[in-house]
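The following block contains a protein sequence and its predicted model.
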Amino acid sequence: MTTDAGHLGRLSVRHRWDLFRCVKITRDEGRGLAAVEDLKKEGLSAKFHQLDILDHCSTVRLRDFLQNTYGGLDVLVNNVGIAYKMASTAPFSEQAEVSLKTNYFATLDACEVLFPLLRPHARVCNVSSSASQASLAKCSDTLKAKFTGTEITMEELTEFMKKFVESAQINKHLDEGFSNSSYGMSKVGVTVMSMIQQRDLDKRGADDIVVNACCPGYVSTDMSNYKGSLTIDEGAETPTYLAMLPPNVKEPRGRFVKKKEISDWKM
């Protein structure tokens, strides 16, 4: 089981993570080791491994560690995320570039590196946001059709994400049909990415590997300035539900999930 730093934070025993050999993965070594100690206090056996998701070589080192230590991967929770504050004075061009680089491109790279380790019946949860639905609603009809269709490929999605960043550099992103939220567009990428991943795995005949995107809710963490209405444990409920879907589950598969229920992803 791997997770990145963010609003999953501490994983509770009552969520039954004791079923997995848990590896706490974060960029900040101090926070990662502290989280491991918290898990140990709850009776869990956890290990720490450092990861800078923006560094491809760092992701490869994680892959090698997981392969050499465990021989594979059963649960992957991609929870990396960055969001600029509403009061940020950073230019939109910067916000778009940084947000997409972290939330979409780095997450996609991590998936491409780690997916070969997924064992039969593995579960993947890509933590997205309801902001993806809000941004989808503000996109042009042409982009909505692309982002909600079943024919879009990962290569096409990545080109759209690149186009958003490029057009944001010259303040033309609205003209190109994108929303005015760099965070929201990055999470559109994460949600659609998850749907494509499931379709691709099914086409390859993967043995019951299930990928979903989810919104954990408005969680009280540093990202939300601790204004969220949910505790960290409450925010972990939906990702945990997706990580523990039973064998050969029919739904949700390649879906966007909120409050442990499939949420609409449509024009």
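Perfect, I can see it now.

now Val60, what's its secondary structure?
helix (DSSP: H, G, I helix; E, B strand; the rest coil).

was I right about it contacting Val113?
Yes - with contact defined as C-beta atoms under 8 Å, Val60 reaches Val113; the gap is 6.0 Å. C-betas here are computed from N, CA, C, even on glycine.

Not counting its own residues, what contacts the longest strand along the chain?
Secondary structure of the chain read by DSSP state E shows that its longest strand is strand 118-127. The contact list for strand 118-127 (C-beta atoms under 8 Å, 6 or more residues apart in numbering) reads 6-8, 72-79, 81, 107, 111, 115, 190-191, 193-194, 197, 206-214, 216, 239, 242-245, 247.

just stretch 164-184 next, same as before
Stretch 164-184 is touched from outside by 83-84, 92-93, 95-100, 103, 129, 131-132, 134-136, 138-140, 142-143, 163, 185, 188, with contacts defined as C-beta under 8 Å, 6+ apart.

So which bits of that stretch are buried?
164-165, 167-168, 173, 176-179, 181-184 (16 or more other C-beta atoms under 10 Å).

for those residues, which one is nearest Ser263?
Using C-beta to C-beta, Gly184 comes nearest to Ser263 of the buried residues of stretch 164-184, at 15.1 Å.

Could you say which helix or strand holds that closest one?
helix 182-203 (DSSP states H and E).

model confidence over that helix, on average?
For helix 182-203, mean pLDDT rounds to 98.

cool, stretch 75-88 as well?
Rounded to a whole number, the mean pLDDT of stretch 75-88 is 92.

now swap in stretch 144-160 and tell me
Mean pLDDT, computed over stretch 144-160, is 98.

In the stretch 101-250 of the chain, mark out all the strands, start to finish.
Ranges of strands within the stretch 101-250 of the chain are 118-127, 210-215, based on DSSP state E, counting those that start in this stretch.

most neighbours per residue, which of those?
Comparing these by mean neighbour count (mean count of other C-beta atoms under 10 Å), strand 210-215 ranks first with a mean of 28.

so Asp38 sits in a helix?
Yes - counting by three-state DSSP, Asp38 is located in a helix.

what's the neighbour count on it?
Residues within reach of Asp38, counting by other C-beta atoms under 10 Å, total 16.

how much space is there between it and Arg253?
32 Å (C-beta to C-beta, to the nearest Å).

With Gln197 instead?
From Gln197 over to Arg253 (counting by C-beta to C-beta), the distance is 11 Å.

from memory Leu201 sits against Asp208, does it?
No - the criterion here is C-beta under 8 Å, and Leu201 misses it with Asp208 at 9.5 Å.

The two: which has the busier surroundings?
Taking neighbours as other C-beta under 10 Å, Leu201 and Asp208 compare with Leu201 leading, 21 against 16.

quick one: contacts for the more buried one?
Neighbour list for Leu201: 209, 211 [criterion: C-beta under 8 Å, 6+ apart].

Over to Leu117?
Taking C-beta under 8 Å, 6+ apart, one finds 63, 66-67, 72-73 in contact with Leu117.

Widest-spaced pair of those residues?
Every pair of these checked by C-beta to C-beta; the farthest is Arg63 and Gly72, at 10.7 Å.

Mind checking which of the two has more residues around it?
Using other C-beta under 10 Å, the more surrounded residue of Arg63 and Gly72 is Arg63, with 17 against 12.

Please report phi then psi for the more buried one.
phi -60, psi -50 (degrees, to the nearest 10).

So it is in contact with Phe115, correct?
No - Arg63 is beyond contact range of Phe115, at 9.8 Å (criterion: C-beta under 8 Å).

Now for the two: what residues contact both?
Counting by C-beta under 8 Å, 6+ apart, nothing touches both Arg63 and Phe115.

returning to what we had before: would you list the strands of the stretch 101-250 of the chain in JSON lines and tack on mean pLDDT and distance to Lys47?
Shown next, in JSON lines, are the strands of the stretch 101-250 of the chain (pLDDT from 0 to 100; distance: least, C-beta to C-beta, whole Å):
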{"stretch": "strand 118-127", "mean pLDDT": "98", "distance to Lys47": "18"}
{"stretch": "strand 210-215", "mean pLDDT": "98", "distance to Lys47": "24"}
